[in-house]
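Engineer: fold the stuff below for me.
(one chain, ligands or ions: 1)
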Amino acid sequence: MDLYAGNTYWDKTLTSQFNFEKLSHNINSDILIIGAGISGALCAYILSSNGLKVTVIDKDKIGHGSTAANTGLLQYSSDKRISKLIKEKGLEDGVLFYKMCLEAMDKLTTIIDKLESETDYRLRDSINYASEKKDRKLLFKDYEYLSKFDFPVEFLENDELKEKYNINKTAALKTWHDAEVNPFKLVQALTKKNIVQGVKYYEHTEIDLDRIMDKQVHTKEGHKINYKSIILSTGYTKIYPVIEDKCITYRTYAFCSFPMNEHLWKDNAMIWETNIPYLYFRSTPDNRIIAGGLDEEINEIVYDEKKIMKKAEKIARKIENIFPHLHIDIQYAWNALFYGSKDGMPFIGRDPINPNLYYLLGYEGNGTCYSVAGSLILNDIIKGKKNIYENLVKVNRT
Ligand SMILES: Cc1cc2nc3c(=O)[nH]c(=O)nc-3n(C[C@H](O)[C@H](O)[C@H](O)COP(=O)(O)OP(=O)(O)OC[C@H]3O[C@@H](n4cnc5c(N)ncnc54)[C@H](O)[C@@H]3O)c2cc1C
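Structural biologist: This next block holds a predicted model:
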């Protein structure tokens, strides 16, 4: 099953830095991570930084899964708005979840500081504007919760939004501690660091995920791997039985423009709206626009380039409606699978049956932020420490 189709952008910004061998014999591993996308890379970094011995295995090349299709907006605000989350999960859990995300964003900033290679990580403000006049109320409710619990947030009324950001909408929330990144460069940079920290990598090695045994897995070619703990960071390649009835599958569209001549918008903020599915967009260091949206609830991608481009054009015209001074020419356009969860939270934690099996599945739009939070949670669980967030995101939650 392909995770995306079309013409993606990030793989054009850097060629793969590594060629790891395929596994051709039996091995033993303390921590075995399956999947070398952004989740596997971050998890390997956090676990190896904490003294654990880690092996990472991917059936393809590292960073070529959904990570290559990711648009690289990193935000502490979740797709599930805080007021909605509080309504569904209660005040304590709603606030705790947002706290987990804010801490993960700050942790990611400290991780980036330690990497030697460029990742195009830039701290950015986010602007979440009201798509419709009636959404002002929704934004204000979120603002009240966020400000009450000291999250970095500001409420912008129409006049301020227009004056400062040139956006003519009723209102918006401004948040910060958010960032943009080139996810492909981030995986390569983390991998470089991970190797120095002793992490062992194998590429082109597929694990049989339907036959995970107590402390042993097999490659599709029949080699055995004995593990003490196994972490599945396989993204959207497989929906595991334990989360099957809790997730939602989508197809989503994205594009990257040619570099723009015009000044884009204030502070190159990352912009998204209150409508669902939402339009979202950001800039790149060479003044391109990357945008996405138009999610459809279907678990398959399209290969027809004309159809992909038509959707991308639709997204571009929406941006031009907000910023009429822009004329967007699309250079790359793609569509991809994208998985969410019914309660808006990712799936992270121990398998209810096999105590040595863990999931790191950052479902929902904030996948990267969740991967950081999830890696910290798994690090604690594996080390036998209690983590205050583990119950929120555990895979067998009701
Ligand atoms: C269009 C789009 C835009 C997005 N935008 C954002 C965004 O702006 N911000 C954000 O935070 N998130 C975003 N996301 C979500 C984000 O992409 C994902 O959460 C994240 O990339 C998933 O990374 P991952 O490492 O979990 O998965 P992947 O990158 O898919 O990595 C999983 C890896 O597992 C490997 N694998 C699978 N099965 C096996 C097996 N049996 N044996 C060995 N290896 C295996 C695969 O080869 C793959 O390399 C977006 C997603 C999409 C599709």
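
Engineer: going by C-alpha atoms from here, please, whenever you check contacts or count neighbours.
Structural biologist: OK.

Engineer: mind listing the strands for the stretch 201-350 of the chain?
Structural biologist: In chain order, the stretch 201-350 of the chain shows strands spanning 216-218, 224-232, 247-257, 270-273, 280-283, 289-296, 330-341, 347-350, with DSSP state E, counting those that start in this stretch as the criterion.

Engineer: now do T274 against the ligand, distance only.
Structural biologist: Per Cα to the nearest ligand atom, to the nearest Å, T274 is found 16 Å from the ligand.

Engineer: also T170?
Structural biologist: 25 Å.

Engineer: which residue is the nearest non-sequential neighbour of that residue?
Structural biologist: N158 (4.7 Å; Cα to Cα, 6 or more residues apart in numbering).

Engineer: so how far is stretch 78-96 from its chain's centroid?
Structural biologist: 19 Å (Cα atoms, centre = their mean, to the nearest Å).

Engineer: pLDDT score assigned to the residue nearest to T170?
Structural biologist: Per-residue confidence at N158 stands at 97 (pLDDT).

Engineer: what about L14, neighbour count?
Structural biologist: Neighbourhood size, L14 [other Cα atoms under 10 Å]: 12.

Engineer: is the ligand contacted by stretch 30-46?
Structural biologist: Yes. On the criterion Cα under 6 Å from any ligand atom, stretch 30-46 is in touch with the ligand at I34, G35, A36, G37, I38, S39, G40.

Engineer: ok, stretch 5-23 next?
Structural biologist: No. Using Cα under 6 Å from any ligand atom, stretch 5-23 never reaches the ligand; the gap is at least 9.5 Å.

Engineer: need the CA coordinates for that stretch. CSV is fine.
Structural biologist: This file holds the C-alpha atoms of stretch 5-23, laid out as CSV (Å, rounded to 0.1, in the frame of the first residue of the first chain):
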residue,chain,number,x,y,z
ALA,A,5,1.3,9.7,-4.6
GLY,A,6,2.2,12.7,-6.8
ASN,A,7,5.2,14.9,-6.7
THR,A,8,6.5,15.6,-3.2
TYR,A,9,8.8,18.4,-2.2
TRP,A,10,11.1,17.6,0.7
ASP,A,11,13.0,14.8,-1.1
LYS,A,12,14.1,17.4,-3.6
THR,A,13,15.7,19.5,-0.9
LEU,A,14,18.3,16.9,0.1
THR,A,15,19.4,13.5,-1.1
SER,A,16,19.3,10.6,1.3
GLN,A,17,22.4,10.8,3.5
PHE,A,18,22.6,7.1,4.4
ASN,A,19,22.6,3.6,2.9
PHE,A,20,22.1,1.1,5.6
GLU,A,21,22.5,-2.6,5.0
LYS,A,22,19.6,-5.0,4.8
LEU,A,23,19.4,-7.4,7.7
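
Engineer: okay, helices next: where are they in the protein?
Structural biologist: 38-49, 82-89, 91-114, 135-148, 158-165, 183-196, 305-322, 367-382, 390-393 (DSSP state H).

Engineer: closest one to G235 among the ones you listed?
Structural biologist: helix 38-49 (8.0 Å; Cα to Cα).

Engineer: ok, and which of the helices of the chain has the densest surroundings?
Structural biologist: helix 38-49 (a mean of 26; mean count of other Cα atoms under 10 Å).

Engineer: could you list the contact residues of the stretch 51-200 of the chain toward the ligand?
Structural biologist: So the stretch 51-200 of the chain meets the ligand at 57-60, 62-67, 69-74 (Cα under 6 Å from any ligand atom).

Engineer: quick check on those: which are buried?
Structural biologist: Among those, those buried by neighbour count (16 or more other Cα atoms under 10 Å) are 57-60, 62-67, 69-74.

Engineer: how close does the residue nearest to T170 sit to the ligand?
Structural biologist: Taking Cα to the nearest ligand atom, one finds N158 at 26 Å from the ligand.

Engineer: alright, that wraps it up for me.
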